[in-house]
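Visitor: After the sequence you'll find the predicted model.
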Amino acid sequence: MAQEISKGVDRLETIFGLQRGLSEMMKPDRYPRDSEKRVSALSTAIMHEAVELQRTTNWKWWKTPTEFNKVEAREELIDIWHFVVQASLELDLSPDDIVKEYKRKNEINRERQRNGY
């Protein structure tokens, strides 16, 4: 299990490194200067990308379903990941921090399920 977590953190480190490189390429005059405003902008981007992901599904029960395009859905999900990782960087969360916080919150959610949440 520890080796699996280590490998996962290594993969997160790779993703974080790629995102840092991408963010360095962005034009700073188009990005909010204040950390709170950046997190707000990233939250908005995450919500809009989530809507784009939802649009790849047949959520409209009144409409004739179409074939699910998994490739398009995956691309939208990766767009969400870009913004989530950037928000993590803005909040000074490292991959190790994310694993730690995920485990903490996962335990809270498990406890809620055990107690009929």
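Guide: Now that the structure is in, tell me what you want to look at.
Visitor: Poorly predicted segments of the chain, please.
Guide: The chain contains residues with pLDDT under 70 at 1-9.
Visitor: now the closest residue in space to residue 23 that isn't next to it in sequence: how far from residue 45?
Guide: Excluding its sequence neighbours, the residue lying closest to residue 23 (Cβ to Cβ, 6 or more residues apart in numbering) is residue 86, at 6.1 Å. All C-beta spots, glycine's among them, are computed from the backbone N, C-alpha and C. Separation of residue 86 from residue 45 (Cβ to Cβ, to the nearest Å): 9 Å.
Visitor: just residue 112 next, same as before
Guide: Counting by Cβ to Cβ, the gap from residue 112 to residue 45 is 29 Å.
Visitor: Could you do residue 113 as well?
Guide: Distance, residue 113 to residue 45, using Cβ to Cβ: 30 Å.
Visitor: of these two, who's got more company?
Guide: residue 45 (17 against 9; other Cβ atoms under 10 Å).
Visitor: which residue packs closest to the more buried one, ignoring adjacent ones?
Guide: residue 83 (4.6 Å).
Visitor: What about the one you found? Give its phi and psi, please.
Guide: The phi/psi pair for residue 83 (degrees, to the nearest 10) reads phi -70, psi -30.
Visitor: Residue 116 too?
Guide: When read as degrees, to the nearest 10, the backbone of residue 116 gives phi 80, psi 30.
Visitor: what about it, how many neighbours?
Guide: 5.
Visitor: residue contacts, residue 103?
Guide: If a contact means Cβ atoms under 8 Å, 6 or more residues apart in numbering, then residue 103 has no contacts.
Visitor: can you tell me the helix or strand for it?
Guide: Per DSSP states H and E: residue 103 is located in helix 95-114.
Visitor: Buried ones in that helix, by neighbour count?
Guide: Of all the residues in helix 95-114, those buried under the rule 16 or more other Cβ atoms under 10 Å are 95, 98.
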